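In: sequence? don't have it. structure:
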């Protein structure tokens, strides 16, 4: 079944939004995501560019500053809500896992 | 040793996998992509080195943009940040290179990649392909109509056969391209749901074969036109080719000129298309107008005159002086069929023409593809069916032996009056011959016909 837009966030979407809790230049996200995830997750430049456009269009982020080619963004309340929903969904998954396998299995 | 190279590349717009692999091979051989031209790709010599290429798409770009837009420059800056340098671009198509073999790809989300490519496709090749597909279907239906009405004439005319063949090839090419793209898109979307990327299909070998076939047919048509075509067709074909070249040059030249002058893309697009359609209308209109004028004024004749003596003349059948005769010999020939018509009659424009002299008319159909023989014979047998009821005549079988033929029929009126029109079937040819009224051929004349026209 096709993925409904932003109904669930991909890992890359999740971390891009997470990076924008505080004002951040779009291009810097390219470095921040791998740093935040210990290199586990990377976002391609084309993917990031398109994601930022789509998040802007959906009102999940807003542009705060433009300095030459450097555009900065920050999460909007709508984006924050969406991120929180996603966190809850992932946390619920974690809860379910722990309930099934027990706390010891998470190590 | 040359430091630059130009190549015609056969890649579909969507085939980013094929383009990337090709450019990586070229770089390994020491050729780096420099720029994308309208028809050619330009390379410059570099030391052979491993290089990663990434083909991506910027849907909002246009071939009419005077400069890359701010958004496009932002996009490129993003790519540069991760080591991807722009190698070349052409409207939506953006090609980047990176020396780092472990560089993070530009696209890391397959769903977004498919979506971006489709948005670019809708602004680039898809609309044009669908318009051409509709035109191609219309053309093929027109050809089928002509084929049904005058199949032998149609299959004997190189221009009909060439244009029909070229449209069928184009239709095939467009269908394969569109099917390949939409099939890939459907499968790629399924793969994307699993988080996987799917390589794009390549149709470059098929494109090459199609182009080669069309070029061979074009060359063959050109040779036929030069050596066998009538003067009017030669002029019209030359004017058409020049017009097409002028229109292409005008479109590209005007578009590029306005880009250099910094004209906004919407204005550039509007002016280029308007001028293109006006000039096309004027030039094609002029060809039709002057062609028509040339025929009606007698400057050029639309009949296809062939040089040399016809295979059978009145003088072969009767003791006459050909000086007082007019001979019109026309015909066309393809690899499938050849059809020639010969009309010989007294020149009525001369002073005191002798109207008692015999005339001769015949149509010689040469069947080169044996499969078509029976079909051609049946077509010729029934070609006047629609007039039979009105004029009340029909074919009756007659003895083929005097003609040296396999089969022979004579057309007679329903009341038994002979018309002196015969349908004769030989090994590889079919002859419809019409002698003048009251000029029933003698056995000697029949033998001459068989000897001269029977193949």
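Out: Received, thanks. Keep in mind the model is a prediction, meaning the values are calculated, not measured.
In: what does chain A put close to chain B?
Out: Contact residues, chain A versus chain B (Cβ under 8 Å from any Cβ of the partner chain): A:1-3, A:10, A:12, A:26-27, A:30, A:42-51, A:69, A:71. Using the backbone N, CA and C atoms, a C-beta is placed for each residue, glycine as well.
In: keep only those of the residues you listed that are in strands.
Out: residue A:71 (DSSP state E).
In: where along the stretch 301-450 of chain B do the helices fall?
Out: B:314-317, B:373-382, B:385-391, B:443-453 (DSSP state H, counting those that start in this stretch).
In: one more: chain A?
Out: Residue ranges of the helices in chain A, as given by DSSP state H, are A:11-19, A:29-36, A:45-57, A:77-101.
In: that older thread, so how do I select the buried members of the residues of chain A next to chain B in ChimeraX?
Out: Buried members of those, defined by 16 or more other Cβ atoms under 10 Å in any protein chain shown, are picked up in ChimeraX with:
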select /A:10,12,26,27,30,42,43,44,45,46,47,48,49,50,51,69,71
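In: next one: stretch B:49-56 to chain centre, how far?
Out: Centroid separation for stretch B:49-56 versus its chain: 37 Å, with Cα atoms, centre = their mean, to the nearest Å.
In: buried residues in that stretch?
Out: By neighbour count on 16+ other Cβ under 10 Å, the buried set for stretch B:49-56 is B:51-56.
In: against chain A, how distant is residue B:20?
Out: 14 Å (Cβ to the nearest Cβ, to the nearest Å).
In: which stretch among the helices of chain A comes nearest residue B:393?
Out: Evaluated over the helices of chain A, closeness to residue B:393 peaks at helix A:45-57, with 76.1 Å, by Cβ to Cβ.
In: contacts for that closest one next, please.
Out: Residues outside helix A:45-57 that contact it (Cβ atoms under 8 Å, 6 or more residues apart in numbering or on different chains) are A:5-6, A:12-13, A:16-17, A:26, A:29-30, A:43, A:61-63, A:73, A:79, B:56, B:74-75, B:78-79, B:81-82, B:84, B:104, B:106-109, B:112-113, B:115-116.
In: what parts of chain B come near chain A?
Out: Residues of chain B found near chain A (Cβ under 8 Å from any Cβ) are B:56, B:73-75, B:77-79, B:81-82, B:84, B:104-109, B:111-113, B:115-116, B:189, B:193.
In: and those residues, which are buried?
Out: Among the residues of chain B next to chain A, those scoring as buried are B:56, B:74-75, B:77-79, B:81-82, B:84, B:104-109, B:111-113, B:115-116, B:189 (criterion: 16+ other Cβ under 10 Å).
In: which other residues reach stretch B:318-328?
Out: If you take Cβ under 8 Å, 6+ apart as the criterion, stretch B:318-328 is touched by B:303, B:305, B:310, B:313-315, B:341-347, B:350, B:353-354, B:357-358, B:445.
In: run the last query once more with 7 Å
Out: Outside stretch B:318-328, the residues within contact range by Cβ atoms under 7 Å, 6 or more residues apart in numbering or on different chains are B:303, B:310, B:313-315, B:343-347, B:350, B:353-354, B:357-358.
In: would you point out the most distant pair within those residues?
Out: Farthest apart among those - using Cβ to Cβ - are B:303 and B:354, which lie 24.6 Å from each other.
In: just want to know which of these two has more residues nearby.
Out: residue B:303 (15 against 10; other Cβ atoms under 10 Å in any protein chain shown).
In: the nearest residue to residue B:51 once chain neighbours are set aside - how many residues pack around it?
Out: In space, and not counting its chain neighbours, residue B:51 is closest to residue B:27: 3.9 Å by Cβ to Cβ, 6 or more residues apart in numbering or on different chains. Residue B:27 has 23 neighbouring residues, counting by other Cβ under 10 Å.
In: quick check: residue B:241 vs chain A, distance?
Out: From residue B:241 to chain A the distance is 43 Å (Cβ to the nearest Cβ).
In: confirm that that residue sits in a strand.
Out: No: counting by DSSP: H, G, I helix; E, B strand; the rest coil, residue B:241 is not found in a strand; it is helix.
In: and it, how close does it get to residue B:25?
Out: For residue B:241, the distance to residue B:25 equals 36 Å [Cβ to Cβ, to the nearest Å].
In: what residue ranges in chain A score low on pLDDT?
Out: A:1-4, A:104-107 (pLDDT under 70).
In: wait, what's in contact with the residue nearest the centre of it?
Out: Centroid-nearest residue in chain A: residue A:14, 2.2 Å away (criterion: Cα atoms, centre = their mean). When contacts are counted by Cβ under 7 Å, 6+ apart, residue A:14 touches residue A:86.
In: same thing but 8 Å
Out: Residue A:14 is in contact with A:83, A:86, counting by Cβ under 8 Å, 6+ apart.
In: name the next helix or strand downstream of the helix or strand in which residue B:254 is found, please.
Out: Residue B:254 belongs to helix B:231-260 when assigned by DSSP states H and E. Next along the chain after helix B:231-260, taking DSSP H and E as the criterion, comes helix B:265-296.
In: sorry, back to before: out of the contacts of stretch B:318-328, who's nearest residue B:264?
Out: Residue B:264 lies nearest to residue B:303 out of the contacts of stretch B:318-328, by Cβ to Cβ, at 53.0 Å.
In: the top helix by length along chain B packs against which elements?
Out: Determined from DSSP H, the single longest helix within chain B is helix B:158-193. Judged by 3 or more Cβ pairs under 8 Å, 6 or more residues apart in numbering or on different chains; DSSP states H and E, helix B:158-193 is in contact with helix B:110-123, helix B:125-149, helix B:151-156, helix B:204-228.
In: helices or strands next to the second one in the packing?
Out: So the one you mean is helix B:125-149. Counting contacts by 3+ Cβ pairs under 8 Å, 6+ apart, helix B:125-149 packs against helix B:151-156, helix B:158-193.
In: which one of the ones you listed lies closest to residue B:63?
Out: When the helices and strands packed on helix B:125-149 are compared (using Cβ to Cβ), the closest one is helix B:158-193, at 18.9 Å.
In: next, count neighbours for the closest residue to residue B:266 other than its chain neighbours.
Out: Spatial nearest neighbour of residue B:266, chain neighbours left out: residue B:64 (7.8 Å); criterion: Cβ to Cβ, 6+ apart. Residue B:64 is flanked by 21 other residues according to other Cβ under 10 Å.
In: next, residue B:64: secondary structure please.
Out: Applying three-state DSSP: residue B:64 is coil.
In: which residues sit in contact with residue B:110?
Out: Shown in contact with residue B:110 (Cβ under 8 Å, 6+ apart): B:188, B:191-192, B:195-198.
In: nearest to residue B:290 among those?
Out: Of these, the one sitting nearest to residue B:290 (Cβ to Cβ) turns out to be residue B:188, at 52.3 Å.
In: so that closest one sits against residue B:198, correct?
Out: Yes: using Cβ atoms under 8 Å, residue B:188 is in contact with residue B:198, at 4.1 Å.
In: looking at the two, which is more packed in?
Out: Set side by side, residue B:188 and residue B:198 show more neighbours around residue B:188, with 22 against 17, by other Cβ under 10 Å.
In: for the more buried one, give me the pLDDT.
Out: Residue B:188 carries a pLDDT score of 97 in this model.
In: can you pull the contacts of it?
Out: By Cβ under 8 Å, 6+ apart, residue B:188 lies in contact with B:110, B:114, B:197-198.
In: re the thing from before, need the helices of the stretch 301-450 of chain B in TSV (columns: mean neighbour count and mean pLDDT).
Out: As requested, these are exported to TSV (neighbours: other Cβ atoms under 10 Å in any protein chain shown; pLDDT from 0 to 100):
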stretch	mean neighbour count	mean pLDDT
helix B:314-317	18	88
helix B:373-382	16	90
helix B:385-391	10	70
helix B:443-453	18	91
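In: can you lay out those helices as CSV showing distance to residue B:69?
Out: Output for these, formatted as CSV (distance: least, Cβ to Cβ, whole Å):
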stretch, distance to residue B:69
helix B:314-317, 76
helix B:373-382, 60
helix B:385-391, 64
helix B:443-453, 71
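In: of these, which is nearest residue B:222?
Out: The closest of the helices of the stretch 301-450 of chain B to residue B:222 is helix B:373-382. By Cβ to Cβ, the value is 26.5 Å.
In: if anything else comes up later, I'll come back, but that's it for now.
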